[in-house]
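S.K.: no sequence on this one, just coordinates:
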């Protein structure tokens, strides 16, 4: 339901934009502000309604001729189009909505007209959700049909209202008094001032104004009967009304002191008496024992509509905020609905996402958008009201009070508790944690009392003992709320009076306490307590209702609360089938209440034990206790760490496994199509770093070079190979996959047995000086070039200054530039660097004659697994420490064997 | 030549963002304090998937088959590596919550 017609008070008339003591301009033509007196009257009625069971509203409607147009005098009339009928009808319909929120509240409405005398409008009718429309329609039709008459006899109208309400048993009573004319009950009009003696007590006459407080008079009686009078004076032109009466403004100004006990000093005009009219006891707010009223003057019928709406809104806990010129307004966490008061004909309400939530099209409201409910917000949102008129936003926290049954006994510690809920029908707890501030203050018999409130809205007064001899206690409390953009939210007040009972004739229930928390899903929590018999009067009976779970304040650090309200299992021991236990005089019985819940939570559960106490003579009272039950999850620390460590390991193992599988194709050797292999004899001069071919030149004749190349004698698999053996030389390339799958694969060059060898690559980039970082890293055989030297190459180099060897080059270049391919390898600095490093690692016959070091090692000692690459450029590198062998090379030339032989001088035994 | 595929880094960004959002759900109380399914999802989308995507990207860009045809995008790999490191922290948060919830016995 996006909209609901608001709220609580359908009553009265125009009250301006004074909310929470702040002046709020409703619109350009908004009504004047309420006085502090009038504002407190609104608060009083709001407080009354929060704990009320019945409200009576009496509409006192002016039907004087000044309302209508008068062709003879040319007066247009103050409300010729009967807008007042529509306003009253809407007000009545808005009443029915409060019944949805406060289903226990009974609302009755009635009304009367007044002009020269009073006449009935409707008799008392109970409003329901279904009949509100017809009741409103009935009011509307009767107001429109009522013939206008002379005079505005206030006294007659107020006397009728008083007689209708004085005998009512309603908790809250209100008169909504609407008029457009000043006091005028007889002619000459000045004699009407005698009515003030009837209304305000003796002392005022056509010649004098009484300024003395008085407890006499009709208005004092109305106030003492706890009737709030809400009066609005429709006064388009205060000085010369539609009646043309020159003193109209004077007579109209009497309405404020009549309703609010006093007002500004009356100016003596045209022989009329001046002075400060006092119309009541004029007690201070602290000492006031009667109900008050509120007055507002409106200059147009539209203002009356605003005033009705504002009054309703305020009594419903709404807070008004003047709209900005941009139309933007804020909705904070804690705000659950809002409405916009406006005189605009066309408007749109646009939410924070830019979506239109409501428009004027089809709106059935007068001067308001109607209540727009919003979901619970976790952060503030800026909405926009789009219109061509000023507007006022009313925001509502939608909090309602549910009081618990608490009996107050003399001589004992007592407490009062209750809960603020979001909906009285469903009992959904309030969420006070949404507000930036939520404080509760309480007073017992006018004295401050300590009170506490939980985030779920459960409040409790600290236990107190009534004063000796006290017959009743007056309890008041105020819940103050703030949100980020609404720091002055209307406080939620409530007041109640509790009789002080004598406990002697009633049984007593001791304090209910759980000694241990409820642990685990199979655990039980037991509350043990005592029921004591009355001190006098014989037997007592205590009957327990099923305890209610008021709030389940779960630890929400790892998520929202888990719903488990339906999982509670609650049993009483020692109660009969009706849930009662009888105790005879002088005896005491033990009781136990067992709680279980199969859904675990770390929580502080607030329970309400409701019970009735009956004495032997049939006297019965209801009482309750708020009880805290702590519940805990049954956790195992070991299991926690098992999961945590396991998940942490899996966080690595799963990607590792996936990548290990994925990375396997990278650790293979591939052959391009059209791969040629060439062998060239060369002579290397270490001193000059010169490399010469068999012709003594470093360059090749293209024809001769092409003769050196031939296609591979065998085709290579397209999916690659784990290792490749050069059939002619016996040199091998083995691909290894990295143990850490994010590392690139490594390719190891293994020279033929008994010879030296080193890859020289074809890349002249000096930074790519190692084999695994050369372009063969990508596994393309076409990038491979290597040299094969005799094992004694270094010895020969020292003797002759030159070394002879074979250069093997693989080429997939289809251009046929074989000479270039060879020259590219031989002339690059990479060639000389690698050959020099190879020779340095194999110092020649002096080292080579020492035999196989591996063979000299102690037998039986396991050799290290690491393979030493005799062919590697630079320092000898252990590769298997970080890499897995992807495939096992042939036994005659496996890296493992080479490792053994090369650990000191791998080829010295050849 | 074509540029290296961007889907691993795109998927990685989506994955780590989702993991962070899933980690925020309990804090925002949008899941109950007994629901660990979202944390499992967040844990998987965090370190598990991120490291996998990082490896896939790395291997794809180093693949001998692809290398000749790809314009390398080292930025993709760097981004994925940083996201993978970030996902470790998010993954630990998820693992902590899962462990906490699954350590409850009856």
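M.R.: Looks like it came in fine. This one's a predicted model, so the numbers in the text were calculated from it and none came from an experiment. Numbering: from 1, shown residues only, chains lettered A, B, ... in the order given.
S.K.: For stretch A:74-89, give the mean pLDDT please.
M.R.: Regarding stretch A:74-89, the rounded mean pLDDT is 85.
S.K.: Ignore what I typed, I meant stretch A:689-703.
M.R.: According to the model, stretch A:689-703 has a mean pLDDT of 86.
S.K.: just the strands in the stretch 51-200 of chain A please.
M.R.: In the stretch 51-200 of chain A, the strands defined using DSSP state E, counting those that start in this stretch lie at A:54-62, A:106-114, A:118-127, A:172-179.
S.K.: Columns distance to residue A:328 on top of those strands, output as CSV?
M.R.: Every residue, glycine included, has its C-beta placed from N, CA and C. Output for those, formatted as CSV (distance: least, CB to CB, whole Å):
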stretch, distance to residue A:328
strand A:54-62, 36
strand A:106-114, 36
strand A:118-127, 37
strand A:172-179, 34
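S.K.: Return the most buried member of these.
M.R.: strand A:172-179 (a mean of 28; mean count of other CB atoms under 10 Å in any protein chain shown).
S.K.: so what does it touch, helix or strand wise?
M.R.: Here strand A:172-179 touches helix A:36-50, strand A:54-62, helix A:83-101, helix A:154-165, strand A:227-234, going by 3 or more CB pairs under 8 Å, 6 or more residues apart in numbering or on different chains; DSSP states H and E.
S.K.: Could you say which helix or strand holds residue A:448?
M.R.: strand A:447-449 (DSSP states H and E).
S.K.: So what's the gap between whichever helix or strand comes after that strand and the chain middle?
M.R.: Sequence-wise, the next helix or strand downstream of strand A:447-449 (DSSP H and E) is strand A:451-453. For strand A:451-453, the separation from the chain centroid amounts to 23 Å (computed by CA atoms, centre = their mean, to the nearest Å).
S.K.: in its sheet, what does the following helix or strand past strand A:451-453 sit against?
M.R.: Moving toward the C-terminus from strand A:451-453, the next helix or strand (DSSP H and E) is strand A:458-461. Sheet pairing for strand A:458-461, assigned by DSSP bridges, gives strand A:417-423 (antiparallel), strand A:451-453 (antiparallel).
S.K.: okay, now residue A:218: neighbour count?
M.R.: 21 (other CB atoms under 10 Å in any protein chain shown).
S.K.: related to what we said a few turns ago, averaging pLDDT over each of the strands paired with strand A:458-461, which comes out lowest?
M.R.: strand A:417-423 (a mean of 88).
S.K.: Give me the contacts around that one.
M.R.: A:101, A:336, A:398-404, A:406, A:427-432, A:453, A:456-461, A:479, A:492, A:550-551, A:608, A:624, A:626 (CB atoms under 8 Å, 6 or more residues apart in numbering or on different chains).
S.K.: For ChimeraX, what selects the buried ones among those residues?
M.R.: Here is the ChimeraX command that picks out the buried ones among the contacts of strand A:417-423, judged by 16 or more other CB atoms under 10 Å in any protein chain shown:
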select /A:101,336,398,399,400,401,402,403,404,406,429,430,431,432,453,456,457,458,459,460,461,479,492,550,551,608,624,626
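S.K.: For chain B, which segments count as strands?
M.R.: B:2-3, B:70-71 (DSSP state E).
S.K.: Count the residues that sit near residue A:261.
M.R.: Neighbours of residue A:261 (other CB under 10 Å): 24.
S.K.: which non-adjacent residue is nearest it?
M.R.: residue A:280 (3.6 Å; CB to CB, 6 or more residues apart in numbering or on different chains).
S.K.: so who does that neighbour touch?
M.R.: A:200, A:213, A:214, A:215, A:217, A:219, A:220, A:223, A:261, A:262.
S.K.: got the residues of the stretch 501-650 of chain A near chain B?
M.R.: A:520-522, A:554-563, A:599-601, A:633-637, A:639-644, A:647-648, A:650 (CB under 8 Å from any CB of the partner chain).
S.K.: Among those, which ones are in helices?
M.R.: A:637, A:639, A:640, A:641, A:642, A:643, A:644, A:647, A:648, A:650 (DSSP state H).
S.K.: was I right about the first one contacting residue B:105?
M.R.: This means residue A:637. No: checked against CB atoms under 8 Å, the pair residue A:637 and residue B:105 is beyond contact range at 11.3 Å.
S.K.: show me where pLDDT drops low in the stretch 751-900 of chain A?
M.R.: A:761-779, A:828-829, A:844-900 (pLDDT under 70).
S.K.: I should have written the stretch 301-450 of chain A there, sorry.
M.R.: In the stretch 301-450 of chain A, residues with pLDDT under 70: A:301.
S.K.: Please enumerate the strands of it.
M.R.: Using DSSP E, counting those that start in this stretch, the strands of the stretch 301-450 of chain A run over A:319-322, A:328-331, A:337-342, A:347-350, A:356-359, A:371-373, A:381-387, A:391-396, A:400-403, A:408-409, A:417-423, A:428-429, A:437-444, A:447-449.
S.K.: and the stretch 301-450 of chain A, which residues reach chain B?
M.R.: Residues of the stretch 301-450 of chain A found near chain B (CB under 8 Å from any CB) are residue A:378.
S.K.: and the residue of the stretch 301-450 of chain A nearest chain B?
M.R.: Residue nearest to chain B within the stretch 301-450 of chain A (CB to the nearest CB): residue A:378, separated by 6.5 Å.
S.K.: Could you pull up the contacting residues of that residue?
M.R.: A:333, B:28.
S.K.: Pretty sure residue A:478 sits against residue A:493.
M.R.: Yes: at 5.0 Å, residue A:478 counts as touching residue A:493 under the criterion of CB under 8 Å.
S.K.: before we move on, back to that, figure out which of the strands of chain B is closest to chain A.
M.R.: For the strands of chain B, the distance to chain A is smallest for strand B:70-71, at 11.1 Å, taking CB to the nearest CB.
S.K.: and the residue nearest to residue A:261, what helix or strand is that in?
M.R.: Using DSSP H and E, no helix or strand contains residue A:280.
S.K.: Tell me where the stretch 651-800 of chain A has helices.
M.R.: Per DSSP state H, counting those that start in this stretch, the stretch 651-800 of chain A carries helices over the ranges A:702-708, A:793-800.
S.K.: Same question for the last one: list its buried residues.
M.R.: Neighbour-count burial for helix A:793-800, with 16+ other CB under 10 Å as criterion, is recorded at A:793, A:794, A:795, A:796, A:797.
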